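Enquirer: for reference, the sequence and a predicted model appear below.
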Amino acid sequence: MRHGLGLGVTLALIVGIAPEALLRAYEADPSAGKATVRGQITLRGQATPGERVTVLRDSAFCGETVPSESLLVDRPSRGIAAVVVSLEGVTVGKPFSEERRLALENRACRFSPHVKAIQAGSQLEISNADPVLHNTHIRKSDATFLNVALPPGGKTIRKPLADPGRLDVRCDAHRFMQATIYVFAHPYFSVTDSAGKFELTQVPSGTYQLRVWHETLGMREKTVTVPAQGQTIVNLELDVPN
């Protein structure tokens, strides 16, 4: 039996699925992976810099316009921030992270963080730090996952993130407010930094699919073969949408 069997069973109970099904999908073994996959996601083509969105409600607090967060590009490197990167197909590898809490704030008429990836079984905690009414409307595959009003000074709303998948977050009162939460059933995921860079550690040898997703540039996959140790560099370019 592998060292991570107990952890896999625990996560299965948290997310409410049969432990045997989860262990077939992913099993934690601290000795399984010694390689690193890192790289940079960059933009090919010209993006419109400094786009701003008109505020139609609560502009006295939010401002007349706000900068768009839908495409954040580092000018010197053309690296794209807030790209979700995952390595799909790993069945045995590093243990799950101890990070099991995601605080999603309505602050300064923004969702913070704007894009976040986290493991299944985590707890989502939603709060409003602004003096105006917000709501947090979360959809998964176009179906409502959660829809709550958040008055100023209201209580924190908690919701378990039991299942993997992408959650689209909106404020119906302020249409420019949006965010994404990506939930994974394995620990091989990351969100690119401000220069578009990512790193996945403790990867076991094998051939996998590196999957990248961006809210306006879409999804792309690349087959990656990882050796038993050392670094594998994967750089990808995403095209500006027509």
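Expert: Cool, the structure landed.

Enquirer: which residues in this structure form helices?
Expert: Using DSSP state H, the helices of the chain run over residues 5-15, 19-25, 59-62.

Enquirer: least confident of those helices, on average?
Expert: Least confident of the helices of the chain, judged by mean pLDDT, is helix 5-15 with a mean of 41.

Enquirer: what's the domain layout of this structure?
Expert: 1-31, 32-239 (automatic domain parsing).

Enquirer: can you add mean neighbour count and give these back as JSON lines?
Expert: For every residue, glycine as well, the C-beta is placed using N, CA and C. Shown next, in JSON lines, are those (neighbours: other Cβ atoms under 10 Å):
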{"stretch": "domain 1-31", "mean neighbour count": "16"}
{"stretch": "domain 32-239", "mean neighbour count": "17"}
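
Enquirer: what's the least confident stretch among these?
Expert: domain 1-31 (a mean of 52).

Enquirer: would you confirm that Ala120 contacts Val183?
Expert: Yes. Look at Ala120 against Val183 with Cβ atoms under 8 Å: they come within range, at 5.3 Å.

Enquirer: identify the contacts common to these two.
Expert: Here Ala120 and Val183 have Leu161, Asp163, Pro164 as joint contacts, going by Cβ atoms under 8 Å, 6 or more residues apart in numbering.

Enquirer: quick check, nearest of those to Ala35?
Expert: Of all the shared contacts of Ala120 and Val183, Pro164 has the smallest distance to Ala35: 23.5 Å, by Cβ to Cβ.

Enquirer: pull up the gap between the residue most central in space within the chain and Ala129, please.
Expert: By Cα atoms, centre = their mean, the chain has its centre lying nearest to Ala117, at 2.6 Å. The gap separating Ala117 from Ala129 is 23 Å, by Cβ to Cβ, to the nearest Å.

Enquirer: what do you get for Lys116?
Expert: With Cβ to Cβ as the criterion, Lys116 and Ala129 are 17 Å apart.

Enquirer: next one: Arg211
Expert: Distance from Arg211 to Ala129, by Cβ to Cβ: 33 Å.

Enquirer: how about Lys94?
Expert: Per Cβ to Cβ, Lys94 is found 34 Å from Ala129.

Enquirer: Thr201 now?
Expert: Distance from Thr201 to Ala129, by Cβ to Cβ: 33 Å.

Enquirer: and Pro227, by the same measure?
Expert: Here Pro227 is placed at a distance of 46 Å from Ala129 (Cβ to Cβ).

Enquirer: check Ala25 too.
Expert: Between Ala25 and Ala129 the computed distance is 37 Å (Cβ to Cβ).

Enquirer: swap in Met177?
Expert: 13 Å.

Enquirer: shared neighbours, the two?
Expert: Here Met177 and Ala129 have Asn106 as joint contacts, going by Cβ under 8 Å, 6+ apart.

Enquirer: mind checking how far the closest residue to Ala195 other than its chain neighbours is from Val37?
Expert: Excluding its sequence neighbours, the residue lying closest to Ala195 (Cβ to Cβ, 6 or more residues apart in numbering) is Gly79, at 4.1 Å. Per Cβ to Cβ, Gly79 is found 17 Å from Val37.

Enquirer: check Glu51 too.
Expert: Taken as Cβ to Cβ, the span from Glu51 to Val37 is 32 Å.

Enquirer: likewise Gln119?
Expert: Going from Gln119 to Val37 by Cβ to Cβ gives 18 Å.

Enquirer: so what's His137 up against?
Expert: If you count contacts by Cβ under 8 Å, 6+ apart, His137 has them with Thr144, Leu146, Asn147, Val169, Arg170, Cys171, Asp172.

Enquirer: once you drop chain neighbours, what's closest to the second one?
Expert: Of all residues beyond its chain neighbours, the one nearest Leu146 is Ile138 (4.4 Å), with distances taken as Cβ to Cβ, 6+ apart.

Enquirer: alright, calling it a day.
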